[in-house]
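sequence below, structure please.
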Amino acid sequence: MSLDRYSKDDVPQVGGLVNSGALCYMNSMLQVLFSCSALNRFVLKNKAEYVELAKTGNGLGLAYIELLEQFKTQKDDFKITVNNGSKILKELIEARKRGKFKDNLLHHRQEDCHEGLTFFIEMLELSAEGRETNINDIFSIRYKQKIQCKQCKSVKDGPKESPNFMFHLFEENPLLQNSLTSKAAIEGYIKRHFNIPEDYKCDTCKVQNNVVNGVVSKNVFQVYSLARLSEIIILVFNKYENKKVKFFPLELDFPSKEGMLHYEVIGQIEHSGTMNGGHYVAKCRRPRPSGFADFVKTSRKSPLQVQIQAAEEQVQTLIRRKDMWDAKVQGEKTKLADNTSTNRAVSERTIRTF
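A predicted model of the protein is given here:
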C-alpha cells in the first residue's frame, strides 16, 4: 500500500515479464514494485549512484532501472509487450552468493516472495554519507516495545526494536487472526498489538508465563506500539499452512502529527498451492493507456460471446456483399433495358423509312 502521494507519471504502462522457469515470485514482486511511484522516483533520481554501485559488484539497482525504463518507453497505444527480467535474476543470484545466505536462487525452484522482497530492498540501499533519505526510509517501519505484568501492573521498556519492512498479519492465536476482518481491526492491530511469550518472567514480582496443555498463561505481555510509518507499507498474510479467503483492505488511515495519513492499495500478490509448489500472481495499479477500454471490453467476453460476435460480423459481411451484388445486377438489368428500348426505337424508324 502507498500514501496518497502516488503519482501515475512515475509508474510505467502495463507490460509482461518472461517466465522462463519458476520465476513467478520474482515477476510478481517486480510488477508490484513498478507500481510504487515513490520507489521509482528514488531509483531514477539516484541512477548515477546505482551505476557506481554496479561497478562494485552490486548491479541490482541498475538492472531494475534499466527494466523500468524499458517499460516506461513503450508507446501510448495499448499493446502488451513482454520484457525479460533475467538480468535482475542474475544480480539476485550473485548477491545471494556474496551474502550470508549461500544457497542459490534457482530457476526451477519455488522461492518465497516476501523474503525475496526483503532481500531486494536491502540490496538497493545506497551509501548513507551526505544523504537525507535512503531506500530504507521508503519501506522501513518501527515499533516501541513495553513489558507489562498483569499481576503487579508493572510496565518497563523492552528491547529496542530493529526496523522492519512489513506488517505480518498472522499470529499463532486463531482468535486474533479471525478478528482481522475489517479495516478498523487491521488499523488497530498495526497501531498496537501484543504478544505473550512462553516462559517469560516479570522482573518485579517474578510471576511467569507457563505452558499448560499447550496454552500459555497470560501473565506477562509484550506490547508493541507503532512508532514510525513508511511511505510504502507492506501487509503480509499467512500463506503457508492453509489457504482461505481473508479480508484485504483497499485503504488504511492513520493519525499523525501532520494530520491523517491515507494509504491506498497499489499492488497485491497472491499465492496458490502449497509450500512445496504453487504459483504467484500480481494485481497492480497502473495508468490506463489509450485503447484500454476497448481491450477490456473484448477480453471480458466469454468464448461463446466471441464466437457469436464473429458469426454476426460474418453475416453482416455476407449481407453487404449481397447488397452490392444485387445493386450490380439491378444496374445491369437497367442498362440492358435501356439498350433494348434504344434498339427497338431504331428498328421502328428503319421500318418507317422503307
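
for the rest of this, base every contact and every neighbour count on C-alpha atoms.
Noted.

pLDDT averaged over the helix or strand harbouring Gln148 - what is it?
Assigned by DSSP states H and E, Gln148 belongs to strand 142-149. Strand 142-149 carries an average pLDDT of 92.

name every strand pairing with it and say which way it goes.
strand 155-157 (antiparallel), strand 220-228 (antiparallel) (DSSP bridges).

which parts of the stretch 251-354 of the chain are strands?
Taking DSSP state E, counting those that start in this stretch, the strands of the stretch 251-354 of the chain run over residues 251-256, 259-264, 267-274, 277-284.

okay, the last one in PDB with CA atoms only?
What follows is strand 277-284 as a C-alpha-only set of coordinates in PDB (Å, rounded to 0.1, in the frame of the first residue of the first chain):
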ATOM      1  CA  GLY A 277       5.000 -25.800  -5.000                       C
ATOM      2  CA  GLY A 278       2.500 -23.300  -6.400                       C
ATOM      3  CA  HIS A 279       2.100 -20.100  -8.300                       C
ATOM      4  CA  TYR A 280       2.300 -16.300  -7.600                       C
ATOM      5  CA  VAL A 281       0.200 -13.800  -9.400                       C
ATOM      6  CA  ALA A 282       0.200 -10.000  -9.100                       C
ATOM      7  CA  LYS A 283      -2.600  -7.400  -9.400                       C
ATOM      8  CA  CYS A 284      -1.200  -3.900  -9.800                       C
END
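
and the angle from that strand to strand 267-274?
Orientation check (axes from the mean of the first three to the mean of the last three Cα atoms, to 10 degrees): strand 277-284 against strand 267-274 gives 160 degrees.

if we can go back for a sec, of all the strands of the stretch 251-354 of the chain, which lies closest to Cys36?
Nearest to Cys36, of all the strands of the stretch 251-354 of the chain, is strand 267-274, at 8.2 Å by Cα to Cα.

so for that closest one, what's the average pLDDT?
Here the average pLDDT along strand 267-274 is 87.

counting contacts, what elements does it pack onto?
Contact partners of strand 267-274 among helices and strands, from 3 or more Cα pairs under 8 Å, 6 or more residues apart in numbering; DSSP states H and E: helix 24-34, strand 277-284.

ok, residues contacting the last one?
What it means is strand 277-284. 24-25, 28-29, 31-32, 35, 110, 266-273 (Cα atoms under 8 Å, 6 or more residues apart in numbering).

quick one on the thing from earlier: just name the most buried of the strands paired with strand 142-149.
The highest average neighbour count among the strands paired with strand 142-149, using mean count of other Cα atoms under 10 Å, belongs to strand 220-228 at a mean of 18.

off-centre distance for it?
Mean-position distance between strand 220-228 and its chain equals 29 Å (Cα atoms, centre = their mean, to the nearest Å).

just the C-alpha atoms of it, please, in PDB.
Below are the C-alpha coordinates for strand 220-228, written out as PDB (Å, rounded to 0.1, in the frame of the first residue of the first chain):
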ATOM      1  CA  VAL A 220       3.400 -11.100  31.200                       C
ATOM      2  CA  PHE A 221       2.800  -9.300  27.900                       C
ATOM      3  CA  GLN A 222       5.000  -7.700  25.200                       C
ATOM      4  CA  VAL A 223       3.100  -4.700  24.000                       C
ATOM      5  CA  TYR A 224       4.100  -3.200  20.600                       C
ATOM      6  CA  SER A 225       3.200   0.400  19.800                       C
ATOM      7  CA  LEU A 226       3.700   1.800  16.300                       C
ATOM      8  CA  ALA A 227       6.500   4.400  16.300                       C
ATOM      9  CA  ARG A 228       7.100   5.000  12.600                       C
END
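
what angle separates it from strand 251-256?
Using the same axes, to 10 degrees: strand 220-228 against strand 251-256 is 90 degrees.

after strand 220-228, next one along is what?
Beyond strand 220-228 in the direction of the C-terminus, DSSP H and E gives the next helix or strand as strand 234-236.

list the buried residues for that next one?
234-235 (16 or more other Cα atoms under 10 Å).

give me the low-pLDDT residue ranges for the stretch 151-300 of the chain?
171-177, 239-242, 289-300 (pLDDT under 70).

can you give me the strands in the stretch 101-250 of the chain?
For the stretch 101-250 of the chain, the strands defined by DSSP E, counting those that start in this stretch cover 142-149, 155-157, 166-168, 192-195, 211-212, 215-216, 220-228, 234-236.

okay if I get those strands as CSV plus distance to Ser127?
Listed next are the strands of the stretch 101-250 of the chain as CSV, based on distance: least, Cα to Cα, whole Å:
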stretch, distance to Ser127
strand 142-149, 21
strand 155-157, 32
strand 166-168, 23
strand 192-195, 33
strand 211-212, 46
strand 215-216, 45
strand 220-228, 22
strand 234-236, 24
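
looking at the ones you listed, which is nearest to Glu313?
Per Cα to Cα, nearest to Glu313 of the strands of the stretch 101-250 of the chain: strand 234-236, 47.7 Å.

quick revisit: out of the strands of the stretch 251-354 of the chain, the one nearest Asp203 is which?
Here strand 251-256 is closest among the strands of the stretch 251-354 of the chain (Cα to Cα), at 33.7 Å.

alright, calling it a day.
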